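[1] Generate coordinates for the sequence data below:
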Amino acid sequence: MATLSPTRSLPTAEEVALARESGRALSAYLQTRAETQQIEIVDDRGKAHPVRMPVSALRLLVDVLTEIGEGNAVSIIPIHAELTTQEAADVLNVSRPFLVQLLERGGIPFHKIGTHRRVRYQDVVAYKERIDAERSRALDALAEQAQELEMGYE
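    Down below sits the predicted model:
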């Protein structure tokens, strides 16, 4: 199981360039109807080792390389993972105390293990999607109102 790393460092310029190149090269093989693909990994002795992988994993790898190629740090979290309050706060880009208040108000379901709160990753993502949709609707309403009032927006 993948875990969240406490420090997410940004990729170097060298890693960004390599990720762009690798992502482009691998994306050409996503247009297949096959369920698996085979790639080769070359060890430090120059020996090639074939690795078969599902195309879905190859797609994920291309997505990761695309993000790194844009200079972003990447974390992979299983959908069914349980997060600490700090990890959940990091996903939402809010403070831990704010997240705890949100949990206690019932904004996101959680459970306790002893005295520690745990939040399912998919519940955090569902909350984020719900809040983002509400914000988008509010912005649309404001833009519509500004147009009706002829405030210079067209």
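[2] how close does Tyr121 sit to Ala13?
    Distance, Tyr121 to Ala13, by CB to CB, to the nearest Å: 31 Å. C-betas here are computed from N, CA, C, even on glycine.
[3] One more: Arg105?
    Distance of Arg105 to Ala13, computed by CB to CB: 44 Å.
[4] before we move on, what about Tyr29?
    For Tyr29 relative to Ala13 (CB to CB), the value is 26 Å.
[5] do Val94 as well
    In this view, Val94 and Ala13 are 31 Å apart by CB to CB.
[6] for Lys128, same thing?
    Lys128 is 30 Å from Ala13, where distance means CB to CB.
[7] circling back: neighbour count: Tyr29 and Ala13, which is higher?
    Using other CB atoms under 10 Å, the more surrounded residue of Tyr29 and Ala13 is Tyr29, with 15 against 9.
[8] Tell me the spatial nearest neighbour of that one, not counting adjacent residues.
    Nearest residue to Tyr29, sequence neighbours excluded (CB to CB, 6 or more residues apart in numbering): Gln37, at 5.6 Å.
[9] Helices along this protein, start to end?
    With helices called from DSSP state H, the chain shows them at 13-27, 55-69, 85-92, 96-104, 121-148.
[10] from the middle of its chain, how far away would the shortest one be?
    Taking CA atoms, centre = their mean, to the nearest Å, one finds the center of helix 85-92 at 13 Å from the center of the full chain.
[11] now the angle from that helix to helix 121-148?
    Calculated by axes from the mean of the first three to the mean of the last three CA atoms, to 10 degrees, helix 85-92 forms an angle of 40 degrees with helix 121-148.
[12] got the angle for helix 85-92 vs helix 96-104?
    For helix 85-92 against helix 96-104, the angle by the same axes, to 10 degrees is 100 degrees.
[13] Report all helices and strands that helix 85-92 contacts.
    Under the contact criterion of 3 or more CB pairs under 8 Å, 6 or more residues apart in numbering; DSSP states H and E, helix 85-92 touches helix 96-104, strand 116-120, helix 121-148.
[14] Among the ones you listed, show me which one is buried the most.
    By mean neighbour count, with neighbours taken as mean count of other CB atoms under 10 Å, strand 116-120 ranks first of these at a mean of 17.
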